[in-house]
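Q: fold the following.
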Amino acid sequence: MMPGMGALPDIFRFLKIHPGFQVKYLHWISPQKNEEFPHYVSRLIEEQINVNDKNPIVLGMSFGGMVAHEIARQIPVSSLIFLSTVKTHREFPPWFKLGKISRYNAWAPFRLLLHPTRLKPYVPFKFLKRRLDIYDRYLGIRDVSYFRWAVRTIIHWKGEIPTIPYIHIHGAQDRIFPPAYLKPPVDFIPGATHMAVLTHPRQVSRKINGFLIGLSAK
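A: Numbering: from 1, shown residues only. The predicted structure follows:
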């Protein structure tokens, strides 16, 4: 399981995966200067995926879904689970193109992301303050260079629909990757946002386990 951008694997803590499957959590590593995405993922594979783990099932959330996609390009993977992410760059909303044109990664104030709770006095709504608390709780990397690299990687990422079995689980109210731009098949969770893994873990777990059991029955 690969978490979203800069997040700790602890973000998956509420998921209940079928006991017949062994879960392994992947962690973000620091990118090298000007490192290309495939090279980054190859280092992550070398450091964290055991060569004896034959044909694993890889789950990726948000930016982690793109990592899962790239893992499947580099080693044999039996199937993929996409969670609150995209399966192909063709599912990006139009404003991602603006990020590429404006070189958003080069000038955005990412330093504000490193300590989200410091923004609470300036946020007017309680629900936004709670979101800042959640973001701070699960943030694993607090490095500006990582976020600049991550955003650059995302807006330039190219990926096509996988040819291996997969499931795409997505919050019906996701504003990061709006459902309107996603290509079927997608298993939507009504009322869930980009953080469905935290707000709707029971529904997410049910969909994951249904997919896993279906694979084992084949």
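Q: give the contact list for residue 18.
A: Shown in contact with residue 18 (CB atoms under 8 Å, 6 or more residues apart in numbering): 209, 212-213. C-beta here means a position set from N, CA and C on the backbone, and glycine is covered the same way.
Q: mind listing which of the residues you listed are in helices?
A: Per DSSP state H, helices hold the following members of those: 209, 212-213.
Q: how about stretch 156-165: buried residues?
A: With burial defined by 16 or more other CB atoms under 10 Å, the residues of stretch 156-165 counted as buried are 157, 159, 162.
Q: against residue 72, how distant is the residue nearest to the last one when sequence neighbours are not counted?
A: Sequence neighbours aside, residue 80 is the residue nearest to residue 162 in space, at 5.7 Å (criterion: CB to CB, 6 or more residues apart in numbering). When CB to CB, to the nearest Å is applied, the distance between residue 80 and residue 72 equals 6 Å.
Q: any common contacting residues for the two?
A: Contacts common to residue 80 and residue 72, judged by CB under 8 Å, 6+ apart, are 58, 162, 164.
Q: so after the helix or strand of the chain with the lowest mean pLDDT, what's the next helix or strand?
A: In the chain, the helix or strand scored least confidently by mean pLDDT, DSSP states H and E is helix 104-107, which has a mean of 60. Counting by DSSP states H and E, the next helix or strand C-terminal to helix 104-107 is helix 126-138.
Q: which parts of that following helix are buried?
A: 129, 132, 135-136, 138.
Q: if I look at the residue in the chain sticking out farthest from the centre, how far off is residue 161?
A: In terms of distance from the mean C-alpha position of the chain, residue 121 ranks first, at 28.7 Å (CA atoms, centre = their mean). Using CB to CB, residue 121 is found at 44 Å from residue 161.
Q: over to residue 185?
A: 10 Å.
Q: same thing with residue 83?
A: 16 Å.
Q: now swap in residue 97 and tell me
A: Taking CB to CB, one finds residue 97 at 20 Å from residue 161.
Q: same check, this time on residue 91
A: If you go by CB to CB, the gap between residue 91 and residue 161 works out to 9 Å.
Q: joint contacts of the two?
A: Joint contacts of residue 91 and residue 161 (CB under 8 Å, 6+ apart) are residue 183.
Q: OK, contacts around residue 71?
A: 2, 41, 44-45, 49, 58, 77.
Q: and if you look at residue 142?
A: For residue 142, counting by CB under 8 Å, 6+ apart, the contacting residues are 6, 114-115.
Q: that's a strand at it, yeah?
A: No: with DSSP: H, G, I helix; E, B strand; the rest coil as the criterion, residue 142 is located in coil rather than a strand.
Q: measure it to residue 118 for me?
A: Taking CB to CB, one finds residue 142 at 12 Å from residue 118.
Q: and for residue 7?
A: 19 Å.
Q: neighbour count for those two, which is higher?
A: Under the criterion of other CB atoms under 10 Å, the comparison of residue 7 against residue 118 puts residue 7 first, with 23 against 11.
Q: ok, now which ones touch the more buried one?
A: Counted by CB under 8 Å, 6+ apart, residue 7 has contacts 28, 61-62, 64, 138-140.
Q: which residue ranges form the helices in the chain?
A: For the chain, helices defined by DSSP H occupy the ranges 37-48, 63-74, 95-102, 104-107, 126-138, 144-156, 196-199, 201-217.
Q: wait, which of those is closest to residue 12?
A: Residue 12 lies closest, by CB to CB, to one member of those: helix 196-199, at 6.4 Å.
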